[in-house]
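# Next comes the sequence, and after it the predicted model I'd like to discuss.
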Amino acid sequence: MITSPRQLLRTAVHMPGAEVPVGAMVDLPGRGSTFVTDTPGPHPDSPAIVLLHALGTTGLLTWYPTIPALAGRFRVITLDQRWHGRGITSDEFSLADCADDAVALLDVLGIERALFGGFSMGSIVAQRVWRQHPGRVAGLVLGATTDRFRSTVSERVFHQAMELSMGTLRGLAQSRTASRALRSAGEALDLAPSDIHDFALAEFRSTSPWAVAQAVAALGRHHSRPWLGKIDVPVAVVVTLRDKVIEPQRQFDLARRIPGATIHEIDAGHASVVLEAEVFVPAFVEACSTVQARVGDFDA
């Protein structure tokens, strides 16, 4: 008999085994502190890639299966985005702020340019990083993403309702009580879970439902279609062909709007970054390698 979320996770979900990098809290001057991992590549001058995580997760929970494979070629960096895990808490959740945070981390780490890779929400933030800081982006790798929401009646109704409810309850987000609760949830991760299932459950619980709702409302306002055609760095798009959250056709449409973007199809769903890592990781690593190989062509 299943009596706890921990038992349910162990019974129903296969979590891939992988070494989880050690991280630390890093101060981003003038912005706040967030949890960061910085895994070195094979050489001191290995190109850097910043990985941006999915909605309702953390940098490690989304990317821990991928980090070891990428570290064979890249310096691999993750961070918890705002209102997620041990990320920055602020009065409001903003995708623009998330993009600025990622570049502020480059400043702290002394990195001039990097690849930015994302999955789902993280890919939307990656798009915004290029939009707001094009000179800091060497290339983009976008997984399971789109250029806009609210493209159907049901999506418009859902996001409008979410935005209205977030506006009505905005005062809670600005309260010290809410901020303390989010920070306490993140600090609970310092208990050093004993295995991969404990780790995953702790990471998942570190982001509150309130934070997820804030992020969903912000995602509903995202619309990059008018400027995708101006992206002037190499881009690879990883399309999840069995995705029920972001339909594959929308992922293909995004890729075709970006000049020269390569498409990397995988027979997997929206949670494949972790739950189908054996399919996702090789394709994502290939996509990153393809982008890195083309950086010189775009810089010429």
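Cool, got the structure.
# Please identify the buried residues of stretch 242-261?
Neighbour counts over stretch 242-261 (16 or more other CB atoms under 10 Å) mark D243, I246, R250, Q251, D253, L254, A255, R257, I258, A261 as buried. No exception for glycine: its C-beta is placed from N, CA and C like everyone else's.
# Narrow those residues to those in strands?
Among the buried residues of stretch 242-261, DSSP state E puts none in strands.
# now those as TSV including distance to V235?
Shown next, in TSV, are those (distance: CB to CB, whole Å):
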residue	distance to V235
D243	19
I246	17
R250	16
Q251	13
D253	14
L254	10
A255	8
R257	10
I258	5
A261	4
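# Just name the closest of those residues to S46, please.
Distance to S46 across these (CB to CB) is lowest for A261, with 24.0 Å.
# The closest residue to L254 other than its chain neighbours: neighbour count?
Take L254 and drop its neighbours on the chain: the residue closest to it by CB to CB, 6 or more residues apart in numbering is D147, 4.7 Å away. Neighbour count for D147, taken as other CB atoms under 10 Å: 22.
# Helices of the protein, residue ranges please.
5-12, 59-63, 67-70, 95-109, 121-132, 153-168, 170-173, 176-187, 196-205, 209-219, 225-228, 248-257, 272-275, 277-299 (DSSP state H).
# wait, doesn't E286 sit right on I266?
No. When contacts are counted by CB atoms under 8 Å, E286 is not listed as touching I266 (10.0 Å).
# more neighbours, those two?
Taking neighbours as other CB under 10 Å, E286 and I266 compare with I266 leading, 22 against 15.
# Return the set of residues that bridge with the more buried one.
T240 (DSSP bridges).
# rewinding a little: so which of the helices of the chain is the most surrounded?
Of the helices of the chain, the one with the most neighbours on average (mean count of other CB atoms under 10 Å) is helix 59-63, at a mean of 27.
# Can you add distance to A236 and give the helices of the chain back as CSV?
Shown next, in CSV, are those (distance: least, CB to CB, whole Å):
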stretch, distance to A236
helix 5-12, 32
helix 59-63, 16
helix 67-70, 13
helix 95-109, 18
helix 121-132, 11
helix 153-168, 26
helix 170-173, 35
helix 176-187, 31
helix 196-205, 26
helix 209-219, 22
helix 225-228, 14
helix 248-257, 9
helix 272-275, 15
helix 277-299, 4
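# Take these and write them to CSV, including mean pLDDT.
Output for those, formatted as CSV (pLDDT from 0 to 100):
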stretch, mean pLDDT
helix 5-12, 55
helix 59-63, 96
helix 67-70, 98
helix 95-109, 98
helix 121-132, 98
helix 153-168, 42
helix 170-173, 41
helix 176-187, 44
helix 196-205, 84
helix 209-219, 89
helix 225-228, 97
helix 248-257, 97
helix 272-275, 94
helix 277-299, 96
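# and D45, which of those is closest to it?
Going by CB to CB, the one of the helices of the chain nearest D45 is helix 277-299, 12.9 Å.
# Quick one: distance of that closest one to the chain centre.
17 Å (CA atoms, centre = their mean, to the nearest Å).
# picking that back up, which of the buried residues of stretch 242-261 sits closest to H270?
For the buried residues of stretch 242-261, the nearest to H270 is D243 (4.7 Å; CB to CB).
# show me what contacts that closest one?
For D243, the contact set (CB atoms under 8 Å, 6 or more residues apart in numbering) comprises A144, Q251, G269, H270.
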